[in-house]
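**Student:** Whatever this is, show me its structure:
(2 chains)
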Amino acid sequence: MEHYIDIFQAVLPSLLEGFWRTLGISLAGILGGSLIGFLLGLVRGQHIRYFTPLIGGYLHLLRGTPFLVQLYVVYFVLPNTGISLLMWDSLTAVLLCLAIYTSSYVTEIVSGAIRAIPRGQWEGAFAIGMRRGQTLWHIILPQSVMLILPSLGSVYVNLIKATSIVSVVGISELTRQGEINILRFPGDILFIYAIVAMIYFCYCFPVLKLVDWLEKNAGRQRAARKRPSPTPGGSAPLNEPNVKA
Amino acid sequence: MTFLEPVADWIVGVYNFRIVALYADEFARGITNTLLAAGASLALSLILGTLLAALRLSSNRLLSALAEIYIQVIRSTPLLLQIYIVYFALPLLVPATARWPELWIGILALTLHTAPYMAEIIRSGIQSVARGQIEGALAVGMTFRQRAQHIVLPQAFANIMPALLGQTAILVKDTSLLSLITVFDLVAAGMLLNSERIKPNEGFLSVAVIYFAIYLLLLLASRFVERKLAGPAWNKATA
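**Tutor:** Numbering: from 1, shown residues only, chains lettered A, B, ... in the order given. This is a model prediction of the structure:
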């Protein structure tokens, strides 16, 4: 028992250091990914010619390949093109990769939420002379936010879990710090990985709970206010009970 | 035809498919292992997931709570860490597994990881069957087995089929992490090409394209299934 306490005290500082790195990377990833994803989602949500299918292809490309392979492509293949702008260090590659990876999910969520707003809302806004941008900003987005937020939380958890993969290109985040500590204490592999898992758990679990809470409450609020749309052709509602990834 | 020569040179410079052809055997072995790992852990995780879903829905508070804890722990920790833990912990806990090939350990880790997601899908499928269906079955005097076999499970299955295929696509992508515990999967084949020839384009772009092809096949399958099942069993009206 004393042995474990000693090891715990010995490894905790460096593991926490790794955790701060993980936290920073995941926050940067969610910021970048949300920004890209939000812009693309706005476009994809409203059937704009050429752009909507183009973004669809982008989504499929990102959905269809593993994050590890995307990371290898960004880290090994892009610097190999010879363009000096693309010869980045591992941190830049990782942040870019995480942002792009996250953006695919955010795009889908935002465009889904925009399409979930009945067409009558658009038509009503156009009828009183609002322009497209005004309609989006004043009518559509305020109603979509409550649909976007819960799903965004589970994307965030996905992103946190994906940051463990960036340890393979030498970013010293939590998983990598665990490996380094295992080199120091090779006899306690299991114990050190258990601590690492616990730190991840303490980070992800509250977010997951928040997602559940948001889904329950945000959904209820919206359902209470929802009125049937007189216009057919509004797309299917998004809040079908779906499985959170 | 001379004007095509610079184009051909450029293509070979960027992506020399002859080198990829040299590694066809390795890629074939990688694809086999990837599909094997995905297929085996899909089957196993469906079994374990059904079990977990049954535990979650059971009236025994303790069993239901245990299943819930397991599901939450798996959902809140990264897959890579779970693979490492299984890879390093299993030989310590069960000495007989020390001689297992890495692929088996990888399949086990992927099964343990995917089962909770499968359980959630299966649970939502069972709960998506309208209450009136079960009451109707009870009213005509069906036994539990008959209700499950003829009423609940066919509808539940039809409802969750797209979600299951989506999870399968995720599982196929997740197998890429097995290359980090020295399973010779598709990514490992690309890595081998890159480390022997220092050709990242040929190595990793081929891997990406093959994964994408598998994904497109699954996507087609899911479109097909959705169209096929969009009959009466597709109980959007009753949901």
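
**Student:** Output the below-cut-off pLDDT ranges for chain A.
**Tutor:** Within chain A, the segments meeting pLDDT under 70 span A:218-245.

**Student:** meant to ask about chain B
**Tutor:** Applying pLDDT under 70 to chain B picks out residues B:1, B:230-239.

**Student:** same thing but at 80, please
**Tutor:** By pLDDT under 80, the weakly predicted segments of chain B are B:1-2, B:228-239.

**Student:** what ranges do the helices span in it?
**Tutor:** B:4-14, B:17-22, B:24-57, B:61-75, B:79-93, B:102-128, B:131-139, B:144-146, B:153-174, B:186-197, B:200, B:206-229 (DSSP state H).

**Student:** need the contact list for residue B:40.
**Tutor:** B:107, B:111 (C-beta atoms under 8 Å, 6 or more residues apart in numbering or on different chains). No exception for glycine: its C-beta is placed from N, CA and C like everyone else's.

**Student:** Make JSON lines out of the helices of chain B and add distance to residue A:71.
**Tutor:** Formatted as JSON lines, the helices of chain B follow (distance: least, C-beta to C-beta, whole Å):
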{"stretch": "helix B:4-14", "distance to residue A:71": "20"}
{"stretch": "helix B:17-22", "distance to residue A:71": "21"}
{"stretch": "helix B:24-57", "distance to residue A:71": "17"}
{"stretch": "helix B:61-75", "distance to residue A:71": "22"}
{"stretch": "helix B:79-93", "distance to residue A:71": "12"}
{"stretch": "helix B:102-128", "distance to residue A:71": "19"}
{"stretch": "helix B:131-139", "distance to residue A:71": "46"}
{"stretch": "helix B:144-146", "distance to residue A:71": "49"}
{"stretch": "helix B:153-174", "distance to residue A:71": "12"}
{"stretch": "helix B:186-197", "distance to residue A:71": "10"}
{"stretch": "helix B:200", "distance to residue A:71": "12"}
{"stretch": "helix B:206-229", "distance to residue A:71": "11"}
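
**Student:** To residue A:186, which of these lies closest?
**Tutor:** Ranking the helices of chain B by their distance to residue A:186 (criterion: C-beta to C-beta) puts helix B:79-93 first, at 10.3 Å.

**Student:** ok, the closest one near chain A or not?
**Tutor:** Yes: interface with chain A: helix B:79-93 contributes B:79, B:80, B:81, B:82, B:84, B:85, B:88, B:89, B:92 (C-beta under 8 Å from any C-beta of the partner chain).

**Student:** The fourth one touches residue B:113, doesn't it?
**Tutor:** Looking back up the chat, that one is residue B:82. Yes: with contacts defined as C-beta atoms under 8 Å, residue B:82 counts as touching residue B:113 at a distance of 5.4 Å.

**Student:** Spell out which residues are contacts of both of those two.
**Tutor:** Common neighbours of residue B:82 and residue B:113 (C-beta under 8 Å, 6+ apart) are residue B:74.

**Student:** what about residue B:133, distance to chain A?
**Tutor:** 17 Å (C-beta to the nearest C-beta, to the nearest Å).

**Student:** Who's the closest spatial neighbour of that residue, skipping the chain neighbours?
**Tutor:** Among residues not flanking residue B:133 along the chain, residue B:151 sits closest, at 5.5 Å (C-beta to C-beta, 6 or more residues apart in numbering or on different chains).

**Student:** ok, the one you found touching residue B:131?
**Tutor:** No: contact between residue B:151 and residue B:131 fails when scored by C-beta under 8 Å: they sit 11.6 Å apart.

**Student:** packing partners for the lengthiest helix in chain A?
**Tutor:** In chain A, taking DSSP H as the definition, the longest helix is helix A:2-44. With contacts taken as 3 or more C-beta pairs under 8 Å, 6 or more residues apart in numbering or on different chains; DSSP states H and E, helix A:2-44 sits against helix A:51-64, helix A:90-116, helix A:141-162, helix A:174-184, helix A:189-225.

**Student:** can you do 6 Å?
**Tutor:** helix A:51-64, helix A:90-116, helix A:141-162, helix A:174-184 (3 or more C-beta pairs under 6 Å, 6 or more residues apart in numbering or on different chains; DSSP states H and E).

**Student:** Residue 182: what's it in contact with?
**Tutor:** No chain was given, so I picked chain A. A:189, A:192 (C-beta atoms under 6 Å, 6 or more residues apart in numbering or on different chains).

**Student:** I was thinking of chain B, sorry if that wasn't clear
**Tutor:** residue B:102.

**Student:** Please look at the residue nearest to residue B:133 and residue B:138 and confirm they touch.
**Tutor:** No: with contact defined as C-beta atoms under 6 Å, residue B:151 does not reach residue B:138; the gap is 9.6 Å.

**Student:** Up against chain B, what does chain A have?
**Tutor:** A:64-66, A:68-69, A:72-73, A:76-77, A:80, A:161, A:164-165, A:189-190, A:193, A:197, A:200-201, A:204-205, A:241, A:243 (C-beta under 6 Å from any C-beta of the partner chain).

**Student:** Type out the PyMOL command that picks the buried ones from those residues.
**Tutor:** Buried residues within these, by 16 or more other C-beta atoms under 10 Å in any protein chain shown, are selected in PyMOL with:
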select buried, chain A and resi 64+65+66+68+69+72+73+76+77+80+161+164+165+189+193+197+200+201+204+205+243
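
**Student:** Now do the residue nearest to residue B:133 against chain A, distance only.
**Tutor:** Residue B:151 is 20 Å from chain A, by C-beta to the nearest C-beta.

**Student:** how much space between that residue and residue A:109?
**Tutor:** With distances taken as C-beta to C-beta, to the nearest Å, residue B:151 is found 34 Å from residue A:109.

**Student:** quick one: which of these two has more around it?
**Tutor:** residue A:109 (23 against 18; other C-beta atoms under 10 Å in any protein chain shown).

**Student:** Run through the residues that contact that one.
**Tutor:** Per C-beta under 6 Å, 6+ apart, neighbours of residue A:109: A:148, A:151.

**Student:** burial count for residue 175?
**Tutor:** With no chain named, the answer covers chain A. 25.

**Student:** Actually, chain B is the one I wanted.
**Tutor:** Counted with other C-beta under 10 Å, residue B:175 comes out at 27.

**Student:** Same question for the one 5 residues further on.
**Tutor:** Residues lying near residue B:180 (other C-beta under 10 Å) number 19.

**Student:** Also residue A:14?
**Tutor:** Quick note: residue A:14 (other C-beta under 10 Å) scores 16 neighbours.

**Student:** Skip the chain neighbours and tell me the closest residue to it.
**Tutor:** residue A:177 is the one closest to residue A:14 (C-beta to C-beta, 6+ apart), at 5.2 Å.

**Student:** That neighbour and residue A:18 touch, don't they?
**Tutor:** Yes: at 3.1 Å, residue A:177 counts as touching residue A:18 under the criterion of C-beta under 6 Å.

**Student:** what about residue 62, neighbour count?
**Tutor:** Going with chain A. The number of residues near residue A:62, taken as other C-beta under 10 Å, comes to 17.

**Student:** That was the other one, I meant chain B.
**Tutor:** Counted with other C-beta under 10 Å, residue B:62 comes out at 9.
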